[in-house]
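# No sequence on hand, only this structure:
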């Protein structure tokens, strides 16, 4: 039996890292009690790729290394849309702007109108592709999620102003990286946390990215260079 890819949605998650060289903190929020996917859990902002994301312009593309890693074991045509989704989800769920000042050449799609109104165009160069995880079978929803690390210094808005955020995440807060594991979070978030801790002081994208690949036959920890993870 193989994966029914029609039931798996591509998704993007953003881990914003603040004060990475002094006392690193990460931005997290809590999902609602009635959420179908991971209710009550503390998570990073993120969500599924929308069809329109493929057509949203970027002021800058993803770093070449990240795009290359994302194209392994995946459709290279998804790279742009996933990067756009990461920036959109960060804006929608936290009100933080990852963008460059500028105007749009064409009218923005409806779900980008509030972002465009801030006078910014989405900016993907600061995103570091850090982890990929496929939701195991049997869950109410399945996602092929790409996790991106971004330095808070690259955010164009006030890091403590969440007024523009939707209500999907509550208790948005900057959590000390050393204390994050005490929060009630999904298993995969804990796994990703280890990668964040290892890369907290690295400003360049990783050459090799962990991939937690769950299909109907087995669960594998791979690296997106075709090699099994060591250890």
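Looks like it came in fine. Predicted model only: the values in this text are computed from it and were never measured.
# only C-alpha atoms for contact and neighbour calcs from this point on.
Noted.
# Which parts of the chain are strands?
Across the chain, reading from the start of the chain, the strands by DSSP state E fall at 8-18, 25-31, 42-43, 46-48, 99-101, 120-122, 128-134, 142-151, 169-176, 210-214, 219-223, 227-228.
# and residue 64, which of these is closest to it?
The closest approach between residue 64 and any of the strands of the chain, judged by CA to CA, belongs to strand 128-134 at 10.3 Å.
# The closest one: partners in the sheet, and parallel or antiparallel?
Strand 128-134 has the following strand partners under DSSP bridges: strand 142-151 (antiparallel), strand 210-214 (parallel).
# thought residue 122 was touching residue 103?
No: if you go by CA atoms under 8 Å, residue 122 and residue 103 don't touch, sitting 10.4 Å apart.
# what about these two, which has more around it?
Of the pair residue 122 and residue 103, residue 122 is the one with more neighbours under other CA atoms under 10 Å, namely 27 against 14.
# In space, what's closest to that one - neighbours in sequence excluded?
Nearest residue to residue 122, sequence neighbours excluded (CA to CA, 6 or more residues apart in numbering): residue 99, at 4.2 Å.
# now the helices for this structure?
64-70, 79-94, 113-116, 187-199 (DSSP state H).
# Can I get those helices in a markdown table including mean pLDDT, distance to residue 9 and mean neighbour count?
Conversion of the helices of the chain to a markdown table gives the following (pLDDT from 0 to 100; distance: least, CA to CA, whole Å; neighbours: other CA atoms under 10 Å):
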| stretch | mean pLDDT | distance to residue 9 | mean neighbour count |
| --- | --- | --- | --- |
| helix 64-70 | 93 | 15 | 18 |
| helix 79-94 | 97 | 11 | 24 |
| helix 113-116 | 96 | 24 | 17 |
| helix 187-199 | 90 | 17 | 15 |
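# now for these, which one comes closest to residue 44?
Proximity of the helices of the chain to residue 44 was assessed by CA to CA; the nearest stretch is helix 187-199, lying at 8.1 Å.
# Could you count how many residues lie near the residue nearest to residue 123 when sequence neighbours are not counted?
Of all residues beyond its chain neighbours, the one nearest residue 123 is residue 99 (4.4 Å), with distances taken as CA to CA, 6+ apart. The tally of other residues near residue 99 (other CA under 10 Å) stands at 26.
# What of residue 152?
By other CA under 10 Å, the residues close to residue 152 number 22.
# That one and residue 83, how far apart?
Here the criterion is CA to CA, to the nearest Å. By it, residue 152 lies 17 Å from residue 83.
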